[in-house]
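S.K.: Predicted model, plus sequence, below.
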Amino acid sequence: MTSDILIIGGGVIGLAIAVELKLRGATVTVLCRDFNAAASHAAAGMLAPDAEKLTNEAMYALCWRSRALYPDWTRKLEELAGLPTHYWPCGILAPVYQHQDQKNAALPPSSRESPAYWLDKTAISQYQPGLSDEVVGGWWYPEDGQVDNRALAQVLWTAAESVCVELKDSVSVEAFLQQQGKIVGVQTSAGVISAAHYVLATGAWSNELLPFPVRPVKGQMLRLRIPESLPELPLKRVLYGQEIYIVPRRDRKIIIGATSEDVGFTPHNTPAGIQSLLQKAIRLYPQLQDYPIEEFWWGFRPATPDELPILGTSPCTNLTLAVGHYRNGILLAPITAALIADLISQQKSDPLLSHFHYSRFLPPSSTSMLTHSANFSNGHRPVVALNNAVITTQDSALTIAGKTFHSRLMTGTGKYRSIEEMQQSITASECQIVTVAVRRVQTKAAGHEGLAEALDWQKIWMLPNTAGCQTAEEAIRVARLGREMAKLLGQEDNNFVKLEVIPDSKYLLPDPIGTLQAAEQLVKEGFAVLPYINADPMLAKRLEEVGCATVMPLASPIGSGQGLKTTANIQIIIENAGIPVVVDAGIGAPSQAAQAMELGADALLINSAIALAKNPPAMARAMNLATVAGRLAYLAGRMPIKDYASASSPLTGTISS
């Protein structure tokens, strides 16, 4: 199947873009993992650029423009779908508990597009009876409003159907397929699907496909119902309080939200979360304590570090981004649809989009690096100087998956006491390949903050690794993410992955079955797979047969520093391998590094022994020299081992008495 445009994500943002592009004449397909699980179902539908007091001027402008589109946009959708969105420009009231006047507002009303009015205690009580006695006043934002978010999601889906957008629900996208800076298809649970252009609108799940800093922020919510004994709606304004909002609907339902929890994709409502919401809501509007509860639910907001969306072009020429809308996805749907449609159909980029470009999260040097690739084609031979003479040995360069490197020492980035120590150590090691834990970088784990900016990726080849993955399926997904991470840092042709599948948390021994399964799939997807394995000659040969670029047997348990405990098996692997053998894990001292190279290993990967040394840069230099010395000794050929002594000086030609 081929469409003009393939939209990945079936929430409000993805569907809004789909309808807009279809109305402009494109053929559009939407892939949706689970329509009912989209974040848009878990929102409250507030349209509140004024009440939120957004301090970023570009974000405020984007939100204000989107709110201005809402009346005509919802009317158009309702005509297409034949269903109501329940758009309601009811205004938003923001009560405060401490005295506040117009002079100390977060932003003066004169700098904003729409008005805001301060109401004192008497005025606000008349305007909205029933507020807590603690309320001393509040701001009235007459141009803010609300929409029924669940109704809007259903209207968008129905409208998309009515204009013949192809909707595919229950289809999970697993990976992008790329060639020369373009997307050529997406790997999905239903097979490979292709289009001329792609739009990423996957909300909180975006980080599973591309290494952008979008993370889930969980929000719990609940719904009350106004008792039938009350003939009129006692609450007619949205109340935007301190860490709480109360949204009344015309159908006598009241939405209360929302917690803000940085707990990943941890599901379910919790007693603490619901209790917190009820306490804050009842404090603001006490009579809620007598209203019946109808429903609890939760959802995941797609948050970025600066809480602004990522909109516009991407590193791939035919991929457009519309992710990271955080708490304003419902509000920003119409403007996002219009700007993205302009960009795709007319190549028209609104100046406002520049404030939301993905490049703001890249290191300063990476933008120019996107057009470059690391190139290590100058293979060096081991050289030693002796009395002004140069002794050389014949040696081919280290070649992995068609790329050549002059250094046979690979290092890592973990366990260092500081980024600076890591930088100094990598420089001292003179390595060209550095392995990076994809998961730790993406989650900003301790010790990995700023890692992307810390190293010069034009000089160092990134080896993304799947550390932390316990199953083949996990490792495959993280490997795909690692490839995208390398591309973002300028290594467009980097398809390397260090494959680790480790379910054992005590000894950290790799799973041979899971490793083989993951390797077979990743090789099919075009990866250069460097699998971390036990020193198992049969497994090493099988991995070579399925197309791995290297094998990486452990010398001893990872991080143990025990040295070579698997010498005999590593020797067998080396003798039978037609691909490079990289000894990985367990090396603790330069003598052990030299010993591994003397066996005939093609390279070493050493991290803990360097990072945990008292002087890591000095140890990195020592490991470099040991690797060179071990390789030189292997090439030179050591003397045979004998069972008896042999004098160093010959007996012939000696003076006899």
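M.R.: Sure, I can see it.
S.K.: Quick check: the residue nearest to residue 522 when sequence neighbours are not counted vs residue 317, distance?
M.R.: Spatial nearest neighbour of residue 522, chain neighbours left out: residue 529 (5.1 Å); criterion: C-beta to C-beta, 6 or more residues apart in numbering. Backbone N, C-alpha and C define where each C-beta goes, glycine included. Going from residue 529 to residue 317 by C-beta to C-beta, to the nearest Å gives 27 Å.
S.K.: before we move on, back to that, does the residue nearest to residue 522 touch residue 500 like I think?
M.R.: No - Residue 529 lies out of contact with residue 500 (C-beta atoms under 8 Å); the separation is 11.1 Å.
S.K.: If you count surrounding residues, which of these two has more?
M.R.: residue 500 (29 against 26; other C-beta atoms under 10 Å).
S.K.: what separates that one from residue 555, distance-wise?
M.R.: Taking C-beta to C-beta, one finds residue 500 at 16 Å from residue 555.
S.K.: With residue 342 instead?
M.R.: From residue 342 over to residue 555 the distance is 58 Å, taken as C-beta to C-beta.
S.K.: Repeat that for residue 562.
M.R.: 8 Å.
S.K.: shared neighbours of the two, anything?
M.R.: residue 586 (C-beta atoms under 8 Å, 6 or more residues apart in numbering).
S.K.: ok, residue 158 - how many residues close by?
M.R.: By the measure other C-beta under 10 Å, the count of residues near residue 158 is 16.
S.K.: quick one, what contacts the closest residue to it other than its chain neighbours?
M.R.: In this structure, residue 158 finds its nearest non-sequential neighbour in residue 81, 3.9 Å apart by C-beta to C-beta, 6+ apart. Residue 81 sits next to 154, 155, 156, 158, 159, 162 when contact means C-beta under 8 Å, 6+ apart.
S.K.: quick one: least confident helix or strand in the chain?
M.R.: Every helix and strand in the chain was compared by mean pLDDT, DSSP states H and E; the lowest is helix 366-369, with a mean of 40.
S.K.: so where's this structure shaky on pLDDT?
M.R.: 1-2, 37-41, 99-113, 363-395, 439-452, 646-657 (pLDDT under 70).
S.K.: and it, what are its domains?
M.R.: According to automatic domain parsing, the chain comprises the domains 1-84+148-211+306-361, 383-636.
S.K.: Let me have those domains in a markdown table, extended by distance to residue 230.
M.R.: Shown next, in a markdown table, are these (distance: least, C-beta to C-beta, whole Å):
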| stretch | distance to residue 230 |
| --- | --- |
| domain 1-84+148-211+306-361 | 21 |
| domain 383-636 | 48 |
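S.K.: Any idea which of those domains gets closest to residue 251?
M.R.: Of all the domains of the chain, domain 1-84+148-211+306-361 sits nearest to residue 251, with 8.5 Å by C-beta to C-beta.
S.K.: ok so, going back, residue 562 and residue 555: which has the busier surroundings?
M.R.: Ranked by neighbour count (other C-beta under 10 Å), residue 562 and residue 555 place residue 555 first, with 29 against 14.
S.K.: isn't that one right up against residue 595?
M.R.: No - in this structure, residue 555 is not within contact of residue 595 by C-beta under 8 Å, at 9.1 Å.
S.K.: Quickly list what's touching both of those two.
M.R.: 563, 564.
S.K.: quick one: the helix or strand where residue 532 lies to chain centroid distance?
M.R.: Element membership for residue 532, per DSSP states H and E: strand 528-533. Relative to the chain's own centre, strand 528-533 is displaced by 22 Å; criterion: C-alpha atoms, centre = their mean, to the nearest Å.
S.K.: Give the next helix or strand downstream of it.
M.R.: Next helix or strand after strand 528-533 toward the C-terminus (DSSP H and E): helix 537-545.
S.K.: Identify each buried residue in that following helix, please.
M.R.: Residues 537, 539, 540, 542, 543, 544 are the ones in helix 537-545 that count as buried (16 or more other C-beta atoms under 10 Å).
S.K.: out of these, which one sits closest to residue 621?
M.R.: Using C-beta to C-beta, the buried residues of helix 537-545 come closest to residue 621 at residue 540, 30.7 Å.
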